[in-house]
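[1] Sequence and predicted structure below; questions after.
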Amino acid sequence: EKGGYASFMLKEIAEQPKAIADTLLGRVDGSGTLSLDEVRIPTAVLREVDKVVVVACGTAYHAGLIAKYAIEHWTRIPCEVELASEFRYRDPILDQQTLVVAISQSGETMDTLMALRHAREQGAKVLAICNTNGSTIPRESDAVLYTHAGPEVAVASTKAFLTQLVACYLVALYLGQVRGTKYGDEIRDVVRDLSRISGAVEQVLETMEPVRELARSLAHKDTVLFLGRHVGHPVALEGALKLKELAYMHAEGFAAGELKHGPIALIEEDLPVVVVVPSPRGRSVLHDKIVSNIQEIRARGARTVVIAEEGDEAVVPYADHLVRVPATPTLLQPLVATVPLQVFACELATARGNEVDQPRNLAKSVTVE
Ligand code: BG6
């Protein structure tokens, strides 16, 4: 059933272009139109939403962190993202105008379920993003947008994560469309870009051999750090989580701008630091700042692994290892930038002799609080 792959994880990583295409199927088309009739919350209600709160755990929480950028940009509605396990214990402010988005691959995570129950008790509308038909979280929600990743067997989430991102973009774009923000043209362009994105992920997958080689060469390390900013920050957090889950290594993700406020003290000779670089187009100020960060850590001895868009020449002099990803609109970059981090963690864990599908101490779906 592994279809010739050594692990479910490798198989599921390889399935990502199809998972993305399946999640977009019937929802977007090449002309830039978005149809999401399955979101059964009436458009009149969606127009009144004045706050979005995303709740999720683990990898799904990282999808939520990225969703915040998309939702706030395209809809201009304030968005909070909270770990589901913390949510109901802090007396969150919720009412009928709050839209809660609960993200869960399994649809059975107890922390997320308890958060959404609490939200509904306060009168909030709940939209689930879920990969498992008929599971508890979508059943208890007002509406559901299914990700069509297919069954995910490996405990550490890969294809479900990318499809959660797609679903989050769809929700953000749909809310923007329904509410008619000033980003109408941009929304149409991004819908078109999304319909081409699975090809970009395929392209990344075809160029992963150097990443695998690098991972094997770092198998003896104790620590790997990950840096990113803007949507690259949650990507860095996800890269670090994958390494913890699979390789049982100390791995941490940081916002690159925070480096100087503390984490830079960790940099020492030959410490691997993976940096997710934003596009030099678009938010180019951020690009320039992160290039300075790479220079700073390299001057202190870090071994830099730079994930950068094709054609970004500014990073070349400071990259000990350079991983290229296709150019995408800024907000969509996590779909391509996460893939090398998944491959990296999977290969490194394998080199350390770990069982990647069933990491120690973890369960695919945690049904206790
Ligand atoms: C964890 C899994 O316990 O639950 C993670 O090991 C997962 O991989 C998290 O991201 C959330 O699960 P779900 O099913 O709610 O997305």
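    Perfect, thanks for sending it. Numbering: from 1, shown residues only.
[2] switch to C-alpha atoms for all contacts and neighbour counts from now on
    Will do.
[3] Show me what counts as buried in stretch 42-55.
    For stretch 42-55, a neighbour-count test (16 or more other C-alpha atoms under 10 Å) marks 46, 49, 51-55 as buried.
[4] If you could redo that for stretch 218-226, that was the one I meant.
    For stretch 218-226, a neighbour-count test (16+ other C-alpha under 10 Å) marks 218-219, 223-226 as buried.
[5] what does that stretch rub up against?
    Residues from elsewhere that reach stretch 218-226 (C-alpha atoms under 8 Å, 6 or more residues apart in numbering): 236-237, 239-240, 249-254, 271-276, 348-349, 351-352.
[6] hang on, the earlier thing: let me know the closest of the buried residues of stretch 218-226 to the ligand.
    The ligand has its nearest neighbour among the buried residues of stretch 218-226 in residue 226, at 18.5 Å by C-alpha to the nearest ligand atom.
[7] helix, strand or coil for that closest one?
    Three-state call for residue 226 (DSSP: H, G, I helix; E, B strand; the rest coil): strand.
[8] quick one: it and residue 197, what's the gap?
    24 Å (C-alpha to C-alpha, to the nearest Å).
[9] Name all residues that make contact with the residue in the stretch 151-300 of the chain positioned nearest to the ligand.
    At 4.3 Å from the ligand, residue 156 is the closest residue in the stretch 151-300 of the chain, using C-alpha to the nearest ligand atom. By C-alpha under 8 Å, 6+ apart, the residues touching residue 156 are 9, 242, 245-246, 357, 364.
[10] same thing with residue 8?
    For residue 8, the contact set (C-alpha under 8 Å, 6+ apart) comprises 2, 153-154, 357.
[11] Residue 138 too?
    107, 127-130, 144.
[12] same thing but at 7 Å, please
    107, 128, 130, 144 (C-alpha atoms under 7 Å, 6 or more residues apart in numbering).
[13] Relative to the ligand, how far out is it?
    11 Å (C-alpha to the nearest ligand atom, to the nearest Å).
[14] Tell me the buried residues within the contacts of residue 8.
    Buried by 16+ other C-alpha under 10 Å: 153-154, 357, out of the contacts of residue 8.
[15] Narrow the contacts of residue 138 to those in strands?
    128, 130, 144 (DSSP state E).
[16] Near the second one, how many other residues are there?
    In terms of burial, residue 130 registers 29 neighbours under the definition other C-alpha atoms under 10 Å.
[17] Model confidence for it, exactly?
    pLDDT for residue 130: 98.
[18] Kindly report the same for residue 65.
    Model confidence at residue 65 (pLDDT) stands at 98.
[19] what about it, which SS state?
    Here residue 65 is recorded as helix under three-state DSSP.
[20] Distance check, it against residue 276.
    Distance of residue 65 to residue 276, computed by C-alpha to C-alpha: 16 Å.
[21] How much space separates the residue nearest in space to the middle of the chain from residue 139?
    In the chain, the residue lying closest to the centroid (C-alpha atoms, centre = their mean) is residue 63, at 3.9 Å. For residue 63, the distance to residue 139 equals 21 Å [C-alpha to C-alpha].
[22] Check residue 235 too.
    Distance, residue 235 to residue 139, by C-alpha to C-alpha: 30 Å.
[23] With neighbour numbers in mind, choose between those two.
    Taking other C-alpha under 10 Å, residue 235 and residue 139 do not tie; residue 235 has more neighbours (30 against 13).
[24] part of a helix, is that one?
    Yes: assigned with three-state DSSP, residue 235 falls within a helix.
[25] residue contacts, it?
    By C-alpha under 7 Å, 6+ apart, the neighbours of residue 235 are 334, 338.
[26] 10 Å - rerun?
    Listed by C-alpha atoms under 10 Å, 6 or more residues apart in numbering, the contact partners of residue 235 are 62-63, 65-66, 226-229, 241, 253-254, 275-276, 333-335, 337-339, 341.
[27] So for it, what pLDDT did the model give?
    Reading off the model, residue 235 has pLDDT 98.
[28] And for the one 5 residues further on?
    As predicted, residue 240 sits at a pLDDT of 98.
[29] what helix or strand is it on?
    Residue 240 belongs to helix 232-247 when elements are defined using DSSP states H and E.
[30] same question, residue 343
    helix 333-351.
[31] rewinding a little: what helix or strand is the residue of the stretch 151-300 of the chain closest to the ligand on?
    Using DSSP H and E, residue 156 is not contained in any helix or strand.
[32] Next: residue 137.
    Under DSSP H and E, the secondary-structure element containing residue 137 is helix 136-139.
[33] Residue 123 reaches residue 94, doesn't it?
    Yes: between residue 123 and residue 94 there is a contact under C-alpha atoms under 10 Å: 7.3 Å.
[34] Comparing these two, which residue is more hemmed in?
    Taking other C-alpha under 10 Å, residue 123 and residue 94 do not tie; residue 94 has more neighbours (20 against 15).
[35] Can you pull the poorly scored residue ranges out of the protein?
    283 (pLDDT under 70).
[36] And the strands in it?
    Along the chain, counting by DSSP E, strands occupy 51-56, 79-83, 98-104, 125-130, 143-146, 223-228, 250-255, 272-276, 303-309, 321-325.
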